[in-house]
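**Q** next input, structure requested:
(chains A and B)
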Protein chains: 2
Amino acid sequence: MTPDDVTPESVTGNRANEDGVGRLLPTPQQTSLADDRQILFFSTAENPPVPGIDHRDLPARPDDSATRVRRDPQIGDWVMIAPARQERTYKPPRRMCPLCPDPSGRSSEVPADDYDVVVFENRFPSLAAAHAGSGFRLPDRPGDLMVEAPGHGRCEVVCFSSDHEGSFSGLTPERARLVVDVWSQRTDDLLARDGVEEVFCFENRGEEIGVTLTHPHGQIYAYPFRTHRTETMLRAASTHRAQTGSDLFESILAGELSSGERILVQTAHTAAFVPFAARWPAEVHIYPLRHVRRLSELTDDEADDLARVYLMVLRAYDALYGRPLPYIASWHQYRADSAEGYLHAELFSVRRSADKLKYLAGSESGRDAFVTDKTPEDVAADLREVMA
Amino acid sequence: MTPDDVTPESVTGNRANEDGVGRLLPTPQQTSLADDRQILFFSTAENPPVPGIDHRDLPARPDDSATRVRRDPQIGDWVMIAPARQERTYKPPRRMCPLCPDPSGRSSEVPADDYDVVVFENRFPSLAAAHAGSGFRLPDRPGDLMVEAPGHGRCEVVCFSSDHEGSFSGLTPERARLVVDVWSQRTDDLLARDGVEEVFCFENRGEEIGVTLTHPHGQIYAYPFRTHRTETMLRAASTHRAQTGSDLFESILAGELSSGERILVQTAHTAAFVPFAARWPAEVHIYPLRHVRRLSELTDDEADDLARVYLMVLRAYDALYGRPLPYIASWHQYRADSAEGYLHAELFSVRRSADKLKYLAGSESGRDAFVTDKTPEDVAADLREVMA
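**A** Down below sits the predicted model:
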């Protein structure tokens, strides 16, 4: 079986209410780039994509031998080593943007006239080659202090819009909902592949956090391990359940809703708040009110509502200092059979004031102990003020 | 008892071989700044300090009500909230440098003609007011999701030299050894104070990591909690002991020494290496060969040797790209009675090549999952090449 043989779910869309899936997910139109990487076109009904042919002369698609993962014996978590990423595209001029649609198939990653949302395998991946049936599993070897393995997994790029000058916050609610559906479809597809332990949908926005391509896009990492943050959160949840009998995330959400001090918005199906112990500037968490594990479990109404609240938060971000705020938007999703976990988004910035950035210095980078110079209540008040 | 009543050890120096102390530590000359903050002058024998009087008109010294700590219910660790830090000194012109000696006592934090090493309480602290006999302890309250407490602890500034244009790497071995002794003395003093769970000596160097004062200096945080990184490392050590019967840190050091691939230097008492699963650019760990918990346990010979190796690494850093490398140097020390732990330094940079910085984007900041674009073996080869 080759990496191109994806599971049927990934190309036909998931059926509603099957395996916890709460609505019909979109079916992408799938083709391959010149080096055999997959590219998936997603669209609203009225704008079907017309994929063209990629005529570029590209080196062979990277496989999982190009990158490595090593377990850090001091911490127990995994580090990805991806030397090829040194060569990745760095702030190209606009006419060379690899994310713009290119009908000629000669100058970008997307050989097409136009697209709504397009997903393709990263040309400079940190992880590669995950597919159903690979049988891959990371070695365990307890007590072994030097464990290394192929960088098995998958890194995808998600272009939110063909408009080079656009941004996620500028999408219509319908197009934002399409992105939510794309994340849902990709998450379920990737979680079904052998050796994938966690799927992480995220967006990095802004030069201040090192973004080298300004075209609106996000990324998806399918990790062959459970990340340190997820591991820590799930351990805290299981400790909380043992101590109190309650679900940690449900309790956090209920506590924020009942206190109200840090709530930004509560709708029929969704709540957004600055968390009690926010560590980042402008940190906001968004939860669906119904406890689900993954985006694909949301009903149509819930997914629409979540997309609308997500847009509200991103628009408040850009209104905060009167110009685009650099941010990281990070989704937390879990397998259907995970003992703990609650779908939510965590968004935050590195900008701590109109003219100052938050740097991660000694206490943060050396000890994971964060210092913030604004109370979460003040952050919530500032964001509420600029919220439409 | 007031915060000024420090334990006798803090002002008289520790005696060799008492309470695990391996050598005689220096006795600082102690006085107070205009707002009652402590300032401690340390010196080599030939250069005794002459502290002057601080004539500035300063607002009252911050106490532990000025800052707060909150437990993050998602993770279980603590976040510091320090609103007064928004006002902290930001890139002052050279003549206003608060770390330069100032005999007039009117324009800097150090009212003196000169000094070798000086330590004072940070004027804009993240944590304050820790002293012996306070009886302070952070609340525990298992299951409570909104735990907040005063920001009890202490933040100190350590000036490595009175030379504004200097750097740690430019110190003589004798002066570098004095700094090691100062860290030793401060660590033992601060660990003896009620409510202090962890003492963290570190240096942030370089505008690239947000340093706002260029005068060579480091900092010390005395935390009222165990930091997340320390907690995670100690848990890994205890798991490793249960699995193998061995000490994790001894095993890591032995593994690096026997492999040799990533060793930068090994001397009579000290080893420096790039760790097997380095996550940061130019990451280097420095271990004494004898297993001790804290800097104060080192003998004279060991402390001299450690200071020399530390200087070698810092000089290699500056030689790597032919100009000062931004770095974070972070010391790991533990109480004498800690079940696990091994004194060592962890140094790393945010510069990943001559012209590129490493940004912590989605995978790192959102999931604590690091991607590096250079193998640890290549990093070690590059550093060995520029090592004196």
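**Q** look up how far B:Phe42 lies from A:Leu343.
**A** 54 Å (C-beta to C-beta, to the nearest Å). Yep, even glycine has a C-beta here, placed from its N, CA and C like the rest.
**Q** next: A:Arg384.
**A** For A:Arg384 relative to B:Phe42 (C-beta to C-beta), the value is 50 Å.
**Q** those two: which is more packed in?
**A** Legend: neighbour count by other C-beta atoms under 10 Å in any protein chain shown for A:Arg384 and B:Phe42, higher for B:Phe42 (24 against 14).
**Q** wait, the more buried one touches B:Cys159, no?
**A** No - when contacts are counted by C-beta atoms under 8 Å, B:Phe42 is not listed as touching B:Cys159 (10.0 Å).
**Q** for the two, list the residues in contact with both.
**A** B:117-119 (C-beta atoms under 8 Å, 6 or more residues apart in numbering or on different chains).
**Q** identify, from these, the entry nearest to B:Arg70.
**A** B:Val119 (28.3 Å; C-beta to C-beta).
**Q** can you name the residues of the stretch 151-300 of chain A that neighbour chain B?
**A** Within the stretch 151-300 of chain A, the positions near chain B by C-beta under 8 Å from any C-beta of the partner chain are A:200, A:202-204, A:209-211, A:219, A:221, A:223, A:227-230, A:232-233, A:236, A:239-240, A:243-244, A:248-249, A:251-252, A:255, A:259, A:275-280.
**Q** quick one: which of the residues you listed sit in helices?
**A** A:228-230, A:232-233, A:236, A:239-240, A:243-244, A:248-249, A:251-252, A:255, A:259 (DSSP state H).
**Q** can you turn the buried part of those into a ChimeraX selection?
**A** For the buried members of those, the matching ChimeraX selection, counting by 16 or more other C-beta atoms under 10 Å in any protein chain shown, is:
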select /A:228,229,230,232,233,236,240,248,249,251,252,255
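**Q** residues near A:Leu58, how many?
**A** 13.
**Q** wasn't it part of a helix?
**A** No - in this structure, A:Leu58 is coil, not part of a helix, as judged by DSSP: H, G, I helix; E, B strand; the rest coil.
**Q** just give the nearest non-adjacent residue to it, would you?
**A** Spatially, and ignoring its direct neighbours in sequence, A:Leu58 is nearest to A:Asp35 (4.0 Å; C-beta to C-beta, 6 or more residues apart in numbering or on different chains).
**Q** and if you look at A:Gly76?
**A** Using C-beta to C-beta, 6+ apart and skipping residues adjacent in sequence, the residue nearest A:Gly76 is B:Ala236, 4.8 Å away.
**Q** what's across from A:Gly153 in the sheet?
**A** Taking DSSP bridges, one finds A:Ala129 as the beta-bridge partners of A:Gly153.
**Q** for it, what are its contacts?
**A** Residues near A:Gly153 by C-beta under 8 Å, 6+ apart: A:64, A:126-130, A:195-196, A:221-224.
**Q** now swap in A:His152 and tell me
**A** Here A:His152 is in contact with A:64, A:69, A:127-130, A:134, A:136, A:138, A:195, A:224 (criterion: C-beta under 8 Å, 6+ apart).
**Q** how about a cut-off of 6 Å?
**A** A:64, A:129-130, A:136, A:195, A:224 (C-beta atoms under 6 Å, 6 or more residues apart in numbering or on different chains).
**Q** how near is the spatially closest residue to it that is not a sequence neighbour to chain B?
**A** Excluding the flanking residues, the one nearest A:His152 by C-beta to C-beta, 6+ apart is A:Asp64, at 4.4 Å. Applying C-beta to the nearest C-beta, to the nearest Å, the value for A:Asp64 to chain B is 15 Å.
**Q** repeat for A:Leu357
**A** As judged by C-beta to the nearest C-beta, A:Leu357 and chain B stand 7 Å apart.
**Q** in a strand, A:Arg95, correct?
**A** No - counting by three-state DSSP, A:Arg95 is not part of a strand but helix.
**Q** and the pLDDT for the residue nearest to A:His152?
**A** The model reports A:Asp64 with a pLDDT of 79.
**Q** over to A:Pro3?
**A** At A:Pro3, the model reports a pLDDT of 37.
**Q** host element of the residue sitting furthest away from the middle of chain A?
**A** Most distant residue from the mean C-alpha position of chain A: A:Gly143, 32.5 Å away (C-alpha atoms, centre = their mean). Following DSSP states H and E, there is no helix or strand that holds A:Gly143.
**Q** doesn't A:Asp305 fall inside a strand?
**A** No - checked against three-state DSSP, A:Asp305 lies outside a strand; its state is helix.
**Q** which ones are touching it?
**A** Each residue near A:Asp305 by C-beta under 6 Å, 6+ apart is listed here: A:267, A:269-270.
**Q** tell me which residues are up against the helix or strand harbouring A:Ala149.
**A** A:Ala149 belongs to strand A:148-150 when elements are defined using DSSP H and E. For strand A:148-150, contacts defined as C-beta under 6 Å, 6+ apart pick out A:64-65, A:68-70, A:138-139.
**Q** out of these, grab the one that's most surrounded.
**A** Within the contacts of strand A:148-150, most neighbours by other C-beta under 10 Å means A:Val69, with 26 neighbours.
**Q** tell me the contacts of A:Leu40?
**A** A:Leu40 touches A:28, A:30, A:119, counting by C-beta under 6 Å, 6+ apart.
**Q** that one pairs with what?
**A** Beta-bridge partners, per DSSP bridges, of A:Leu40: A:Gln30, A:Val119.
**Q** against chain B, how distant is it?
**A** When C-beta to the nearest C-beta is the yardstick, A:Leu40 and chain B sit 20 Å from each other.
**Q** ok, now A:Tyr317?
**A** Where chain B is concerned, A:Tyr317 sits at a distance of 16 Å (C-beta to the nearest C-beta).
**Q** and that residue, how many neighbours does it have?
**A** Using other C-beta under 10 Å, A:Tyr317 has 24 neighbouring residues.
**Q** would you put the C-alpha positions of the helix or strand harbouring it in PDB?
**A** In this assignment (DSSP H and E), A:Tyr317 forms part of helix A:300-320. Output of helix A:300-320 as PDB, limited to C-alpha atoms (Å, rounded to 0.1, in the frame of the first residue of the first chain):
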ATOM      1  CA  ASP A 300     -24.700  21.900  11.500                       C
ATOM      2  CA  ASP A 301     -26.100  24.500  13.800                       C
ATOM      3  CA  GLU A 302     -23.200  24.100  16.300                       C
ATOM      4  CA  ALA A 303     -20.600  24.300  13.500                       C
ATOM      5  CA  ASP A 304     -22.200  27.400  12.100                       C
ATOM      6  CA  ASP A 305     -22.300  29.000  15.500                       C
ATOM      7  CA  LEU A 306     -18.700  28.000  16.300                       C
ATOM      8  CA  ALA A 307     -17.500  29.600  13.000                       C
ATOM      9  CA  ARG A 308     -19.400  32.800  13.800                       C
ATOM     10  CA  VAL A 309     -17.900  33.100  17.300                       C
ATOM     11  CA  TYR A 310     -14.400  32.300  16.000                       C
ATOM     12  CA  LEU A 311     -14.800  35.100  13.500                       C
ATOM     13  CA  MET A 312     -15.900  37.500  16.300                       C
ATOM     14  CA  VAL A 313     -12.800  36.700  18.300                       C
ATOM     15  CA  LEU A 314     -10.500  37.200  15.300                       C
ATOM     16  CA  ARG A 315     -12.200  40.500  14.400                       C
ATOM     17  CA  ALA A 316     -11.800  41.700  18.000                       C
ATOM     18  CA  TYR A 317      -8.100  40.800  17.800                       C
ATOM     19  CA  ASP A 318      -7.700  43.000  14.700                       C
ATOM     20  CA  ALA A 319      -9.700  45.800  16.400                       C
ATOM     21  CA  LEU A 320      -7.600  45.700  19.600                       C
END
